[in-house]
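Asker: next input, structure requested:
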Amino acid sequence: MSTETFTPQARAGSVGAGGSPERATSADRAGSLEPAGSTARPEHAGRAETLERAIEAIPLVDHHVHGALAGDVSRREFEELITESDRPVPGWMTQFDSQVGFAVLRHCAPVLDLAPHTTPEVYLARRAELGTEEVNRRLLAASGIGHFLIETGYRGDEILDPARMAAVTGRAVDEVVRLEAVAERVVADGTDAAGFAAAFEKALWERSRTARGLKTIVAYRHRLDFDPAPPTPAEVTAAAGRWLRAAERTGTIRVDDPVLLRHLIWKGIERGLPLQFHIGYGDPDVDLHRSDPLLLRGLIELAEPSGVPMLLLHCYPFHRNAGFLAQVYPNVYFDVGLGVNYTGARSVAVVAESLELAPFAKILFSSDAWGPAELHHLGALLWRRAMTRVLGGFVADGEWSEEQAVRVATMIGARNARRVYGLGEDA
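Answerer: Down below sits the predicted model:
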């Protein structure tokens, strides 16, 4: 698969704050990992550059991601999309004053022909001038992602669906199906309590016919400290009855009964596709202290004989616990996806910690980007930068060979996902 990415030419005369021209140089776009005036020894600098080029060339498999924005957004809407808070941004602050906000201004601005570290006003004006379609095209291409596994169960009308993502990027796109969304569609389409289990099973098999994986958001809907055993048919019918009565009373179709969530998970395991779990950091709907992946140990052990891969997503700040589970259980994998974007300049530390315990064949790359294509681009760029710095340090210290570093980066960035999801070899 081609690793060619779009690199825009600097736009002559673009004007930044104070009226001075802002132009993105080639060094700005490259995001050089060496600080100005670096005094690294020539042999170490040469190895670092070779490793950086190798990691930049990996056609990443983003194994958990969502579509880019389908339409234009206001400044307020953009700022609300670069935070996990679901509250309005207070008038006395801006979300650009954050790790992810600074990362946008540093790393995304050059892709839009602006100098790095521009102001939010200049950045958003340029974004509006180009329009969402062109911004998506540039940032998604610049990410160097070669294959997207898109989870489609959240606010799908506001973002590009898999077909449109494929059209914009020219890259391979496959789908991951959210279990809870399938169950809610079954109820919306009409069923009774006694028929829910059969209707859900039929719908899941049909909905996931061409999917590469499944996902559960049980961490949001109940938490991870649930009874890991499959519920009985009678329990499922009784829980479905409670849910249907509540839906009729409130007009809201939202599955959050722990019995039903357990049923969805076990039917997902029975389906046999890789099963993703949201873990840790997320919006305020997550009760963070009950989202530690160690709480899934019982389910992991019960599901182990099935051989179904269980993929722990994001995991921050519990990524070290996820690394332990990935080490001791053959069916467990993890990533630090969402944690990379939102820790920005500190994401190097998060990626380094993710490499401590788990076998490298058990770690994957994801961005969990939803909406602004800035998040797709940053997810890839910050991960590549972190891997280059961390692995480059191992090489410089003589702990790893350069060949080992390149091989591990390629495993985590692409090959592990290709093996787990049955994507085949990179073309």
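Asker: which residue packs closest to Cys108, ignoring adjacent ones?
Answerer: Excluding its sequence neighbours, the residue lying closest to Cys108 (Cβ to Cβ, 6 or more residues apart in numbering) is Glu374, at 4.7 Å. All C-beta spots, glycine's among them, are computed from the backbone N, C-alpha and C.
Asker: sec struct for the one you found, please.
Answerer: helix (DSSP: H, G, I helix; E, B strand; the rest coil).
Asker: list the residues that contact it.
Answerer: By Cβ atoms under 8 Å, 6 or more residues apart in numbering, the contact set of Glu374 is 82, 104, 108, 139.
Asker: just the ones in helices from the residues you listed, please.
Answerer: Leu139 (DSSP state H).
Asker: could I get the contacts of Glu374 as JSON lines with neighbour count and distance to Tyr329?
Answerer: Compiled in JSON lines, the contacts of Glu374 are given as follows (neighbours: other Cβ atoms under 10 Å; distance: Cβ to Cβ, whole Å):
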{"residue": "Ile82", "neighbour count": "21", "distance to Tyr329": "34"}
{"residue": "Val104", "neighbour count": "27", "distance to Tyr329": "37"}
{"residue": "Cys108", "neighbour count": "25", "distance to Tyr329": "38"}
{"residue": "Leu139", "neighbour count": "26", "distance to Tyr329": "36"}
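Asker: same for whatever helix or strand Val408 lives in, what does it pack against?
Answerer: Following DSSP states H and E, one finds Val408 within helix 402-410. The contact analysis (3 or more Cβ pairs under 8 Å, 6 or more residues apart in numbering; DSSP states H and E) places helix 402-410 against helix 42-56, helix 373-396.
Asker: C-terminal to it, what's the next element?
Answerer: Taking DSSP H and E, what comes next after helix 402-410 is helix 416-420.
Asker: put the alpha carbons of that next one into PDB.
Answerer: Extracted C-alpha coordinates of helix 416-420, given in PDB (Å, rounded to 0.1, in the frame of the first residue of the first chain):
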ATOM      1  CA  ASN A 416      -0.500  -6.400  14.800                       C
ATOM      2  CA  ALA A 417      -3.800  -4.900  13.700                       C
ATOM      3  CA  ARG A 418      -3.600  -6.700  10.300                       C
ATOM      4  CA  ARG A 419      -3.100 -10.000  12.100                       C
ATOM      5  CA  VAL A 420      -5.800  -9.500  14.700                       C
END
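Asker: for that helix, what is the distance to the chain centroid?
Answerer: 16 Å (Cα atoms, centre = their mean, to the nearest Å).
Asker: stretch 400-411 now?
Answerer: Taking mean C-alpha positions (Cα atoms, centre = their mean), stretch 400-411 and its chain are 23 Å apart.
Asker: so what touches it?
Answerer: 47, 50-51, 54-55, 58, 360-361, 363, 387, 391-392, 394-395.
Asker: mean confidence score for it?
Answerer: On average, the pLDDT along stretch 400-411 is 98.
Asker: list the buried residues of that stretch.
Answerer: 400, 402, 405-406, 408-411 (16 or more other Cβ atoms under 10 Å).
Asker: the nearest residue to Pro317 once chain neighbours are set aside: what's it in contact with?
Answerer: Spatial nearest neighbour of Pro317, chain neighbours left out: Gly280 (6.4 Å); criterion: Cβ to Cβ, 6+ apart. By Cβ under 8 Å, 6+ apart, the contact set of Gly280 is 219, 286, 288, 291-293, 314-319, 339.
Asker: same thing but 10 Å
Answerer: Contacts for Gly280 were tallied using Cβ atoms under 10 Å, 6 or more residues apart in numbering; they are 219, 224, 286, 288, 291-293, 312-319, 321-322, 336, 338-339.
Asker: next one: Ala380
Answerer: Ala380 neighbours (Cβ under 10 Å, 6+ apart): 5, 56, 58, 60, 62, 65, 139-140, 142-145, 340-341, 365-367, 369, 413.
Asker: 7 Å - rerun?
Answerer: 60, 143-145, 367 (Cβ atoms under 7 Å, 6 or more residues apart in numbering).
Asker: ok, Leu139 next?
Answerer: Neighbouring residues of Leu139 by Cβ under 7 Å, 6+ apart: 108, 111, 373-374, 376-377.
Asker: 10 Å instead?
Answerer: Contacts of Leu139 (Cβ under 10 Å, 6+ apart): 6, 68, 107-108, 111-112, 127, 369, 372-378, 380-381.
Asker: need the pLDDT of it.
Answerer: 98.
Asker: where does Leu214 fall, secondary structure wise?
Answerer: With DSSP H and E as the test, Leu214 turns up in strand 213-216.
Asker: can you flag the buried ones in the contacts of Leu139?
Answerer: Buried members of these, scored by 16+ other Cβ under 10 Å, are 68, 107-108, 111-112, 127, 369, 372-378, 380-381.
Asker: would you check which pair of these lies furthest apart?
Answerer: Arg127 and Ala380 (19.0 Å; Cβ to Cβ).
Asker: where exactly do the helices run in the stretch 251-400 of the chain?
Answerer: With DSSP state H, counting those that start in this stretch as the criterion, the stretch 251-400 of the chain has helices at 258-271, 297-303, 319-328, 337-343, 347-354, 373-396.
Asker: could you dump these to CSV with mean pLDDT?
Answerer: Output for the helices of the stretch 251-400 of the chain, formatted as CSV (pLDDT from 0 to 100):
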stretch, mean pLDDT
helix 258-271, 98
helix 297-303, 98
helix 319-328, 98
helix 337-343, 96
helix 347-354, 98
helix 373-396, 98
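Asker: would a markdown table of those with distance to Ile150 be doable?
Answerer: Formatted as a markdown table, those follow (distance: least, Cβ to Cβ, whole Å):
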| stretch | distance to Ile150 |
| --- | --- |
| helix 258-271 | 18 |
| helix 297-303 | 24 |
| helix 319-328 | 22 |
| helix 337-343 | 13 |
| helix 347-354 | 22 |
| helix 373-396 | 11 |
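Asker: could you check how far the residue positioned nearest the centre of the chain is from Met165?
Answerer: What sits nearest the mean C-alpha location of the chain, by Cα atoms, centre = their mean, is Asp368, with 1.8 Å. For Asp368, the distance to Met165 equals 15 Å [Cβ to Cβ, to the nearest Å].
Asker: what number of residues lie near Ser143?
Answerer: 27 (other Cβ atoms under 10 Å).
Asker: got it, and the one 5 residues further on?
Answerer: Around Phe148 there are 29 other residues, counting by other Cβ under 10 Å.
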